[in-house]
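Undergrad: with the input below, show me the fold.
(chains A and B)
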Amino acid sequence: MKRLINVTVNHKKYELAVDPNMTLADMIREELKLTGTKKGCGLGECGACTVLLDGKPVSSCLVLTLEADNRDVVTIEGVETEKGLHPIQQAFVEKGAIQCGFCTPGMVLSAKALLDENPHPDEHDIRKAISGNLCRCTGYQKIVEAVQSVSVRK
Amino acid sequence: MLIPHFNYHRPSTLKEACEIKGEFKNKAMFLAGGTDIIVNLKRGVISPEKLISLNGIEEMRLHSVDGKNGQTRIAACGTVSSLIKEKFLLPYSALITGMESLGSPLIRNMATIGGNLVTARPAADLSPSLIAYNGKAILTSISGKREVLMDDFFLGPGKTALNDDEILSEIILDNTSSYSGSAYIKLGTRKALEISLVNVAAFLTFEKPDGPITGARIVMGAVGPIPLRARTAEDMLIGERPGAALFAETGKAAAKDSSPIDDFRGTAEYRRDMVKVLTERALKKALNDIR
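TA: Below is the predicted model:
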């Protein structure tokens, strides 16, 4: 049986009727059509489905949508500002930190959560923060450099 | 990957959660962080009729330090990432190290300390240190609470002392005495999202900063169906002054206390050898951790 929830996604409030067995990743992609959130392994191992739940990065494939009731969700679509790309996104473009792009939304959100908490992380902090996000193009070096460049700019 | 259908309950008190569990027993399962249960639902390993979400229960996340009784109470639904930051857990370095090596940041933001225990995986990151500290699990049901030593909590892979109508509501640790130190070392092939090949937690208590050792608990993970105490090794330490030679001998004894198996992640022989090395290192680290 469907249940009603209230959830804020990318600063917009939604009232949704959802099945208990629907994951947050599926709700975001199938109901809200926000396909920037990627589905990789579906088992919480790859980080492609990373979203910010109350500001903290989580694997949305392991969260039931009902658990997001009265909570705040930010997907990659919510990172952009009125001025255009978020500085982290801009840095990923400039530093060539995007190859196939599948891990990028998750990487950007994990990096954002890190920088929101710690504006000047060292390389170790950055590598630790993105350790749950796998990049199979193995472009980690440039991803780390991109995040570092944002922390220096700030 | 689809999740089978189930009925969803979201109680707002522990009492209410116990009532639902008491009524539906093994047909109902608790949902805390979900990092294990959702994976198992997707894989079709489990198919509960009811899921009881614990995430609307405030008291399941309220920790407390009781200075009078010298006890620290960790609420079972504390997430790993929130507990890492708790100042009151600072004296428990082995537990903190275990929490820092659990899963990945994405997993730690959801996974709970209680969840890590009730899943009872032989390679779990938090059970060895909680056993080393001689922690207690509080099991709650509609008929009341009972205390079970962490040492007696694990019965086998995925099996615990929890009855069908009970919930693990909190974990109690005795406050550490002065001149004690602890350490946890996890061996894996990568730094994140790794399941221990072997892990060892050690907790030492001393009469004075340089010894002799008055209390020693060594717990080895992933080398048996449940986390194992290295009892022969522990006995060797009592009454002795800490030192490199003693710790090396203790490591050898711990290896004999372990009972690892061969699997795709490593051979029994390798694991036994690593118990020796990790025990020696964990003891040295615990000695340096004296506070």
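Undergrad: how long is stretch A:114-134 end to end?
TA: In terms of C-alpha to C-alpha, to the nearest Å, the two terminal residues of stretch A:114-134 are separated by 17 Å.
Undergrad: buried set for it?
TA: Neighbour-count burial for stretch A:114-134 flags A:114-115, A:121, A:125-134 (criterion: 16 or more other C-beta atoms under 10 Å in any protein chain shown). Just so you know, the C-beta spots here come from the backbone N, C-alpha and C atoms, and that holds for glycine as well.
Undergrad: next one: stretch A:65-73
TA: The neighbour-count check on stretch A:65-73 (16+ other C-beta under 10 Å) flags A:T65, A:L66, A:E67, A:A68, A:D69, A:R71, A:D72, A:V73 as buried.
Undergrad: ok, now which ones touch the nearest residue to B:K191 once chain neighbours are set aside?
TA: The shortest distance from B:K191 to any non-neighbouring residue, by C-beta to C-beta, 6 or more residues apart in numbering or on different chains, is to A:S131 (6.5 Å). When contacts are counted by C-beta atoms under 8 Å, 6 or more residues apart in numbering or on different chains, A:S131 is found next to B:S104, B:P105, B:K191, B:A192, B:L193.
Undergrad: now do the SS call for A:S131.
TA: coil (DSSP: H, G, I helix; E, B strand; the rest coil).
Undergrad: hang on, B:G98 packs against B:I131?
TA: No - the criterion here is C-beta atoms under 8 Å, and B:G98 misses it with B:I131 at 11.3 Å.
Undergrad: identify the contacts common to these two.
TA: B:A201.
Undergrad: show me what from chain B comes close to chain A.
TA: By C-beta under 8 Å from any C-beta of the partner chain, the residues of chain B that approach chain A are B:1-8, B:10, B:31, B:34-35, B:38-39, B:41-43, B:51, B:53, B:55, B:81, B:103-107, B:109-110, B:191-193.
Undergrad: please enumerate the strands of chain A.
TA: Assigned by DSSP state E, the strands in chain A fall at A:3-9, A:12-18, A:50-53, A:56-59, A:72-74.
Undergrad: same deal with chain B?
TA: Listed in chain order, the strands of chain B (DSSP E) span B:7-9, B:28-31, B:50-53, B:64-66, B:71-75, B:136-141, B:144-149, B:154-156, B:159-160, B:167-174, B:180-187, B:198-208, B:211-221, B:228-229.
Undergrad: report all helices and strands that the fourth one contacts.
TA: Think strand B:64-66. strand B:71-75 (3 or more C-beta pairs under 8 Å, 6 or more residues apart in numbering or on different chains; DSSP states H and E).
Undergrad: what mean pLDDT does the strand it packs on have?
TA: Strand B:71-75 carries an average pLDDT of 97.
Undergrad: which residues does residue 76 contact?
TA: With no chain named, the answer covers chain A. Per C-beta under 8 Å, 6+ apart, neighbours of A:I76: A:G36, A:T37, A:T104, A:P105, A:V108, A:L109.
Undergrad: actually chain B
TA: B:32, B:54, B:60, B:112-115, B:117, B:167-171.
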